[in-house]
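Novice: Next one to model:
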Amino acid sequence: MVSQEQRRRQLAREKFLRQQQRRTEARRKSRMRNSVIASVLGVVVIGSLALYTTGVFKDDGSKKENAGAEVSPSPTSKAPDPCEKPAEGKAGTATWKKEPAMTIDKSAKYTMKLATTCGAIDIALKASAAPHTVNSFNFLVGKGYLDHTKCHRLTDTGIYVLQCGDPQGTGMGGPGYTIPDENLKDKSLKGGVYPAGTVAMANQYNAQTKQGRDSGGSQFFLVYQDSQLPPDYTPFGTVSEAGMKVLKKIAAAGAQAVDPATGTTAPNATVVINKATVTKS
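Specialist: Presented below is the predicted three-dimensional model:
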């Protein structure tokens, strides 16, 4: 159950994200006008927002995981579903009281494979830089926690991410425990941008109040296009080239209108993780 305080924080984060989106749009229009006047070509505008998972990405669950400041994408026209029907089975409901004991080898290489209805997404995990996060996913995947789960959010305005990892499929779920923020100074995060291919944690961090650190759970987001975000969300993996093609296919199908019940924008594509695996090499 989501407490009134958690809901209050969620609404505050969403309000902040909407404000950020409006400001970004205003700046974008101003830059475009200036570009026309000056006859300058090649203006590149990168929208900014806060994610779940969110400060920006917030996890909307018992410990709302947000991928920074949450920004609701503008609804797009309904496109054909490019994905297959989900495999038979239901997402699990298990939760745990505390973070699992460390069992991974921080010096080894780990890969998480998401066999989705839209294609396989391979993710090279950063075990040495984000050991708690990688260890947690190694544990959860071993328990089948991600199997048959739906990727419940797609943002296509301001930031460009697909959010997954909630067995409830609503943005409200989590494993029952939280993990610490890690790797926030990753060298890939330059200029306040999470580059395309980044996989990062959603959390409940609120940049305004400076509260909600170390609140990651199971929800994570995959960046399919460079996205301007503050370095508040643990980057713990990188999507393979083939996996990026799958993400682009999902993004091309667009997002639905905002669901008033959850405040999220689901992808038009039916994105379900049929099976998740983690391998060590």
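Novice: Now do the helices in this structure.
Specialist: For the chain, the helices defined by DSSP state H cover 4-38, 131-142, 241-252.
Novice: Which pLDDT value belongs to the spatially most central residue of the chain?
Specialist: Nearest to the mean C-alpha position of the chain, counting by C-alpha atoms, centre = their mean, stands residue 221 at 1.9 Å. On pLDDT, residue 221 comes in at 98.
Novice: That one contacts residue 227, doesn't it?
Specialist: No. Look at residue 221 against residue 227 with C-beta atoms under 8 Å: they stay out of range, at 9.1 Å. (C-beta placed from N, C-alpha, C; glycine too.)
Novice: Next, show the common contact partners of the two.
Specialist: residue 161 (C-beta atoms under 8 Å, 6 or more residues apart in numbering).
Novice: still on that earlier bit, mean pLDDT lowest where, among the helices of the chain?
Specialist: For the helices of the chain, the bottom mean pLDDT is recorded on helix 4-38, which sits at a mean of 57.
Novice: In this protein, which strand is the longest?
Specialist: For the chain, the strand with the greatest residue count under DSSP state E is strand 272-280.
Novice: Who does residue 161 form a beta bridge with?
Specialist: residue 155, residue 223 (DSSP bridges).
Novice: Please apply the same query to residue 193.
Specialist: Going by DSSP bridges, residue 193 forms beta bridges with residue 190, residue 228.
Novice: And residue 120, by the same measure?
Specialist: Bridge pairing for residue 120 - DSSP bridges - gives residue 115.
Novice: That one contacts residue 114, correct?
Specialist: Yes. Here residue 120 lies in contact with residue 114, judged by C-beta under 8 Å, at a distance of 7.0 Å.
Novice: Return every residue with contacts to both of those two.
Specialist: Contact criterion C-beta under 8 Å, 6+ apart; residues bridging residue 120 and residue 114 by contacting each: residue 243.
Novice: Settle it for me: which of the two has more neighbours?
Specialist: When neighbours are counted by other C-beta atoms under 10 Å, residue 114 comes out ahead of the other of residue 120 and residue 114, with 27 against 14.
Novice: residues in contact with the more buried one?
Specialist: Residues in contact with residue 114 (C-beta under 8 Å, 6+ apart) are 120, 121, 122, 123, 146, 164, 243, 273, 276.
Novice: Adding distance to residue 89, write the residues you listed out as TSV.
Specialist: Listed next are those as TSV, based on distance: C-beta to C-beta, whole Å:
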residue	distance to residue 89
120	18
121	19
122	21
123	22
146	12
164	16
243	22
273	11
276	12
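Novice: Type out the ChimeraX command that picks the buried ones from those.
Specialist: Buried subset of the contacts of residue 114, written as a ChimeraX selection, criterion 16 or more other C-beta atoms under 10 Å:
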select :121,122,123,146,164,243,273,276
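Novice: now, which of the contacts of residue 114 sits nearest residue 207?
Specialist: Comparing the contacts of residue 114 against residue 207 with C-beta to C-beta picks out residue 164 as the nearest, at 23.2 Å.
Novice: ok, that closest one touching residue 218?
Specialist: No. Assessed by C-beta under 8 Å, residue 164 is found out of contact with residue 218, at 9.1 Å.
Novice: between the two, what contacts are shared?
Specialist: Contact criterion C-beta under 8 Å, 6+ apart; residues shared by residue 164 and residue 218: residue 146.
Novice: Okay, now the unreliable bits of this protein?
Specialist: Along the chain, the model assigns pLDDT under 70 to residues 1-8, 13, 17-78.
Novice: what about the closest residue to residue 192 other than its chain neighbours, how many neighbours?
Specialist: In this structure, residue 192 finds its nearest non-sequential neighbour in residue 228, 5.6 Å apart by C-beta to C-beta, 6 or more residues apart in numbering. Residues lying near residue 228 (other C-beta under 10 Å) number 20.
Novice: surely residue 228 meets residue 195?
Specialist: No. Counting by C-beta under 8 Å, residue 228 stays clear of residue 195, with 10.6 Å between them.
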